[in-house]
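Q: Fold the following for me, if possible:
(chains A and B)
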Amino acid sequence: MSYLLKPKVAHPSLPRNELGLTRRDYEGVMSTLCAGCGHDSITAAITEACWGLSLEPQNIVKLSGIGCSSKTTAYFVSGGHGFNSVHGRMPSIATGAYAANRELHYIGVSGDGDTLSIGLGQFCHAIRRNIKLLYIIENNGVYGLTKGQFSASADVGSKAKKGEANTQQPIDPVLTALSLGATFVARSFSGDKEQLVPLIQAGFNHKGFALIDVLSPCVTFNDHEGSTKSYVFTREHYHEAVHTDFVAPMKEITAQYPEGEVLPVTMHDGAQIRLRKIDRNYNPVDRPAAYEYIQRKMAEKEFLTGLLYVEPSQSDFHDLNDTPAGPLNQVPYEKLTPGSKGLQKILSRYR
Amino acid sequence: MKAKVKERDRDNDFVVKIATVNGTGSASANALLMKSIFRMGVPVMGKNYFPSNIQGLPTWYEIRVTKDGYVARSGRLDIMVAMNAETYVRDLKEVSTGGYLIYDSTWPRSALLQRDDITIIGVPLAKLCNENFEGVRSRILMKNISYVGVLAALLDIDLEKLKELLNETYASKASLIAANLKAIELGHRYTKENFACPLPFKVRPMDKTKGNIMIDGNTAAALGCVYAGATVGAWYPITPSTSLMDGFKSFCQKLRVDPETGKKNFMIIQAEDELAAIGIVLGASWNGARAFTPTSGPGISLMNEFLGLAYYAEVPAVIFNVQRVGPSTGMPTRTQQADIMLCAYASHGDTRHVLLFPANPQECFYQAVMAFDLAERLQTPVFVMSDLDIGMNDWMCPDLKWDDSYRPDRGKMLSLEEVLKLDKFFRFVDRDEDGITYRTLPGMHPKAAYFTRGSGHTQYGGYTEDSTEYQIVLDRLKRKFATAARMMPKAVFEQRGQFDVGIVAVGSSDGAVREALDILQARGVGVNYMRIRAFPFGKEVDDFLDEHEIIFVVEQNRDAQLRSLLTLETPVEKSKLRSILHYSGLSISSECIVNGVLAEVGEGRGRAIGAVS
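A: Numbering: from 1, shown residues only, chains lettered A, B, ... in the order given. Reported below is the predicted structural model:
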C-alpha cells in the first residue's frame, strides 16, 4: 500500500470560507508518516492556514525536495500542483516556477537535511534572490528515512537513539537566514498550532522569501531522553518571543491588545500582522539586535519562537528583474519576437 | 593534384595564421581582416585558438580564404604572421613549403631560426608604432592593428573595405578610427615600399558572399531562443557557452523591453551553479515558460541528477551543450565532440535523451527553435550539441530565414476548457498510445492539478512501489522515445554514387567531411556521406548503415562515442564501422579524414560499385 485517497465527502455543517470551500477541500492524500510525527501537525496547520486565507487551491504551488518533510506536499491541497523534486534542490525549482508565473502562491516544504546539508547552497541563494516563496523547514535534527543519523541542525551534545552524542556545531537556519538578509524569519513548534497558523498566513502574504523553521520532533528516531529535538525538550525550552496575529486585507481588526505591546506591520497587499511582544526585551524589526538576542538565548538553551524578524516592504525577485506585472508565461508570443522583418535588421550587423 | 600550382590558382585559396599574445587587441585586428575579405565577396573561414586566460598567453587566429566556400581547416598553412616571440620556433615550423612568414623585425632574429623552403618577411612593426604612437598600451594595440596593413598590402585587400569597417565598428569614437587607420597605413606603406606586392596568394574580389552573414553559433543559438519565445534563461558562466547567454541578454535588451511599460519580457537568472541552473529551467518549464540553459561538459556532469528527474517526471528543458575538451576541466578553450555518450544517457537508471547536432551557426538558430518545440512535444530535456568551434568562431553562412506563421508548439498541453470537459485528469495515462501524455499548468483548476515526482509513480500520478504500476510508466517512456525518433530532423545525405563506402559524422565535422569527399573523389575514391542530425536515430540512419559495407565514423573524440552510440542504438554490424578520430582540441581538418579513409581503402583503388570517373 503506497498511498490512500481520503474520501472527499464534506458534511453540510462544515464551516466554509469566502470561496465556499471547507477544510476538506484543502486536504491532500493520506499521510504515510509515523503516527505522532510533528510533520503531520504542520500539514494540518498549512491546511488550516490556506483555508483561512481562502486561497484558490489551484493557485497554490507546492514544492519540495527529498525526505520525510518533502513527502508532505502530497498531504495537503490536492487541488494545487505539486513538485517533489530532488534532494536539496527545491529552491531552484521554486525560482524557475516563480520566474514563470509571479501570480501563484508558492510553498516549499523542506527538512533540516534537505535545507542545511545537501541544500544549504540553494537555500542561501533563494534568500539572496528574494523569491516570493513561503519556505517551511520541518526541523527534527535527524535523518529519518535512513534511520537516525544526525543532521546539520543537531545540537552539540544531543544524543542519537543509540546513545552517540553529536560533536559538530549545528547550522541554525534562523541565524543563517538573518545573516543573509532574509526579510521574514520565523521559528515555531509543530505542537503549537495557535502560533503556527497565523505565521503561515503571514508568510504567504509576505512579498519575498519567508522562512519558518518549525521544530518538529521525530517520534521514531529523535524523541528520546538526551535529544534536544524531542517533544519533551522542545516543550520545556521553546519560548515564544513574539506572538503573531494575522489579519487579512479588508478584515476588521477586533482583537484587543494592551497598549504599547503590539506592533502592527502592514504587508504589501494591505494585510496586517500584529506582533505581540511576549518577551519585552525583544525587537522583531531590528536585524542586528534580533540576531544577537536569538543567539544569546540559544546559548542558554532557549529557542525563541514567533516572527523573529520582518521587513515587510521591499523588492522581490520580479521587481529586481523589472519584469511585467502579469505572469511571464502568459506574455503573447507576438510580443516576444520581431518576426522576419526584425530578423533582416538584426542580420545587417553580421554582414 | 600533383600538377604544379599556378599562381593564379592560389588567388582566394590560401591560409593565413596569426600568432599573438592574448589581451593585446589582436581579436579586433583579426575580425577586421576577416570581415574585409568577406566584404570583398570572397568566402572565408576563421578559427580562433585562444588560451583559458585573460592576458599574456599565446593565441592564434587562422583565416582560410576559400573561393570554393569550404568551411573547415585544410591542414595547410601558407602565411604565418609570427607576432609572438615566445612561439616563434613552432610557428616557423608550421608553415607549409613555399609559404611565407611575417615577423616583427624590430628585434633581430637569430640566424638559426630560418628555413630555406619558405620566404621570410620582416617588418619593424614595433619600431613603426613606437615612432608614431604615445603610451605603452596604445603602442601594443596599434602594433597588432598594423599587421592588418601589412597583410592588406601583401594580399591585395581593399583598404576602402577596411576603412568602412573601422567606421562602423568605432562609429562613436572618431579618435579610435583615426588611430587604427594610421596603424594600418604604417604597415601597408612600409610593406609596399619594401616588398613585391601582392604575393602569389592574394584576395581577388568575387561575388560569393552575397546573401550570407558571418556569425558565431552561440549568437545564432541565442537568436533562436528569442524567436522560439523563450522567456527564462538560467545559467552559470562557463567557457565556451558564456557568449550564448551574453547574446540572449543583448538581443532581449533590444527586442524584449515593452515599449509602453518599459518592463522586460524575459528573465535571465545567473544561478549559483549548474545544478541550480537546470533546476530553474525545470521549474520554469514545468510552470509553462520556455526556458533554457547554456553550458558545457562540466556543467552537464553537475546537472545529471536533475536531468534524470526531468526524464522521469517528464519536464521539458532545453540545454545547449557547447562542448569543450574533456575529461574534467580539460582544455576549456579547445573544441571536441566528447559529450555524446554523457548526454545521450545522462543520469542514473534507465534514461535516454534527445540530442540535436547542429553543424554550423545557421543550424544553431534553427535547431534552437526546434529544440523548444521538441522539448514541449516530448516533455523531456533536449540537448543542442554544439561545440566551441561552432559556438565561438564566426562562420560564413546563408542568411537566417524566418517564417512569420510560426507559433510555438506546446505539445499536449491541455487548456482550461479541455480540462473541464474531462471526467478526471490523469497526468501519465497514454491516451493516444504514442507514449506522450497530456499535461496541465499550475493555476488552471483544481481538477487539472497533479503531483510531479521523481519517485516511482503510477500512470495516475500517485506514488508507487508496485512493480506493475512502475513498469507501466517506464515502458511507456520507452514508447515515447520511439515516437521521438519519428519527430527528429532527418539525417542529411550526400550520395555521390553507388559506392559501398560511407562516412558518418555529426555536427562541426561536416565541413571537413564535405571537403574530404571532393578530395577523395578527385583521387578516384568514391564515398557517400550521411550527417546525422539527431538522436534517437531515424530509420534513414539504419538504412544508410545497411547499404554500405565500410563505414567511417568521423568524430572529434578519443573513444569513438558516436560509433558506440550507433552500435548500441542501431542494428549495424559493429565490424563495418571504422573510426576516424580527431581529438587534438583543434577543429578537424579535411586532411585528417582523407588520410583516414585512404589508409583503409587505398588511393586510386576506389571502392565503387560501378564506374567512377
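Q: Distance-wise, check residue B:144 relative to residue B:374.
A: For residue B:144, the distance to residue B:374 equals 44 Å [C-beta to C-beta, to the nearest Å]. Using the backbone N, CA and C atoms, a C-beta is placed for each residue, glycine as well.
Q: For residue B:592, the count of nearby residues, please.
A: 22 (other C-beta atoms under 10 Å in any protein chain shown).
Q: Provide a list of residues in contact with it.
A: Residue B:592 makes contact with B:75, B:512, B:580, B:582 under the criterion C-beta atoms under 8 Å, 6 or more residues apart in numbering or on different chains.
Q: Give the helix, strand or coil label for the second one.
A: This points to residue B:512. The local conformation at residue B:512, judged by DSSP: H, G, I helix; E, B strand; the rest coil, is helix.
Q: For it, which non-adjacent residue is spatially closest?
A: Nearest non-adjacent residue to residue B:512, counting by C-beta to C-beta, 6 or more residues apart in numbering or on different chains: residue B:72, 3.6 Å away.
Q: show me the contacts for that neighbour.
A: Contacts of residue B:72 by C-beta under 8 Å, 6+ apart are B:45, B:511, B:512, B:514, B:515, B:587, B:588, B:589, B:590.
Q: quick check, nearest of those to residue B:285?
A: residue B:587 (32.6 Å; C-beta to C-beta).
Q: what sits against that closest one?
A: B:47, B:72, B:73, B:335, B:389, B:508, B:512, B:556.
Q: Show me which of the residues you listed is closest to residue A:119.
A: Of all the contacts of residue B:587, residue A:119 sits closest to residue B:335, with 35.2 Å by C-beta to C-beta.
Q: My guess is the closest one contacts residue B:508. True?
A: Yes. Between residue B:335 and residue B:508 a contact is recorded at 7.2 Å, counting by C-beta atoms under 8 Å.
Q: Give me the common contacts of the two.
A: The contact sets of residue B:335 and residue B:508 overlap at B:387, B:389, B:556, B:587 (C-beta under 8 Å, 6+ apart).
Q: okay, these in JSON lines with secondary structure next?
A: Listed next are the shared contacts of residue B:335 and residue B:508 as JSON lines, based on three-state DSSP:
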{"residue": "B:387", "secondary structure": "strand"}
{"residue": "B:389", "secondary structure": "helix"}
{"residue": "B:556", "secondary structure": "coil"}
{"residue": "B:587", "secondary structure": "coil"}
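Q: so where is the chain shaky, pLDDT-wise?
A: Looking at chain A here, since you left the chain open. In the predicted model of chain A, residues A:1-10, A:250-261 satisfy pLDDT under 70.
Q: my question was about chain B
A: Under the criterion pLDDT under 70, the flagged ranges of chain B are B:1-8, B:111-112, B:603-613.
Q: the domain parsing of it - what is it?
A: Following the assignment in automatic domain parsing, chain B carries domains at B:7-194, B:215-398, B:416-487, B:492-601.
Q: How far does the first one sit from its chain's centre?
A: The chain centroid and the centroid of domain B:7-194 are separated by 24 Å, computed with C-alpha atoms, centre = their mean, to the nearest Å.
Q: residue ranges for the strands of the stretch 201-350 of chain A, please.
A: A:209-215, A:238-240, A:242-247, A:262-266, A:272-277, A:303-310 (DSSP state E, counting those that start in this stretch).
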